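A.B. asks: sequence and predicted structure, then a few things I'm wondering about:
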Amino acid sequence: MKNYILTIVLILATGLSSFAGDVIAEISSQFSQGNTKEIAKYFSSTVNLSILNDNNIYSKVQAEIILGSFLKMNQPRSSKIIHRLDSNTNYQHAVIELNTSEGDFRVSYSIRVNNNQAQLVEIRIEKSTN
């Protein structure tokens, strides 16, 4: 009986880890499409948003509007995950290279898992130095 319960716990833990990893790829994909609505589905109630040194904590709605404005001014062409940290099931972090009509940007975002729900808590967008 103990082995059966242990097996179930390990399967659930592995499943949560792979779910969170999928969220990283999903968010990267949505950035490449400039799909702010889909990105915002992952926002926590407040988001620490930093775009080109303009840093503040915004409500979910405000963050969606500000990110949407940025992506409209910088039409995305593609994104590539260049770093991911997903070994902790409660916290994930990723860095993507976002190619846009106005140049390349480095986007980093942090995800916390709260009540089995992945939530974007921080997004930082900087001009790429490459």
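C.D. replies: Sure thing, it's come through.
A.B. asks: which non-adjacent residue is nearest residue 63?
C.D. replies: residue 47 (4.0 Å; Cβ to Cβ, 6 or more residues apart in numbering). Heads up, the C-betas are built off the backbone N, CA and C, glycines and all.
A.B. asks: which element is the one you found on?
C.D. replies: strand 43-51 (DSSP states H and E).
A.B. asks: next, the angle from the helix or strand that comes right after that strand to strand 43-51.
C.D. replies: Sequence-wise, the next helix or strand downstream of strand 43-51 (DSSP H and E) is strand 54-59. Here strand 54-59 points in a direction 170 degrees away from that of strand 43-51 (axes from the mean of the first three to the mean of the last three Cα atoms, to 10 degrees).
A.B. asks: after strand 54-59 comes which helix or strand?
C.D. replies: helix 60-73.
A.B. asks: that following helix - contacts with which helices or strands?
C.D. replies: In terms of contacts (3 or more Cβ pairs under 8 Å, 6 or more residues apart in numbering; DSSP states H and E), helix 60-73 is packed against helix 36-40, strand 43-51, strand 117-127.
A.B. asks: quick one: buried residues of the longest one?
C.D. replies: Right, strand 117-127. Applying a neighbour-count criterion of 16 or more other Cβ atoms under 10 Å, one finds 118, 119, 120, 121, 122, 123, 124, 125 buried in strand 117-127.
A.B. asks: residues contacting residue 90?
C.D. replies: If you count contacts by Cβ atoms under 8 Å, 6 or more residues apart in numbering, residue 90 has them with 112, 113.
A.B. asks: now do it against residue 81, distance only.
C.D. replies: According to Cβ to Cβ, to the nearest Å, residue 90 stands 20 Å off from residue 81.
A.B. asks: ok, now residue 41?
C.D. replies: From residue 41 to residue 81 the distance is 19 Å (Cβ to Cβ).
A.B. asks: just residue 70 next, same as before
C.D. replies: 19 Å.
A.B. asks: of those two, which one has the most company?
C.D. replies: Higher neighbour count among residue 70 and residue 81: residue 70, with 20 against 14, using other Cβ atoms under 10 Å.
A.B. asks: could you report the neighbour count for the closest residue to the more buried one other than its chain neighbours?
C.D. replies: Distances taken as Cβ to Cβ, 6+ apart place residue 51 nearest to residue 70, at 5.4 Å, with adjacent residues excluded. Residue 51 has 18 neighbouring residues, counting by other Cβ under 10 Å.
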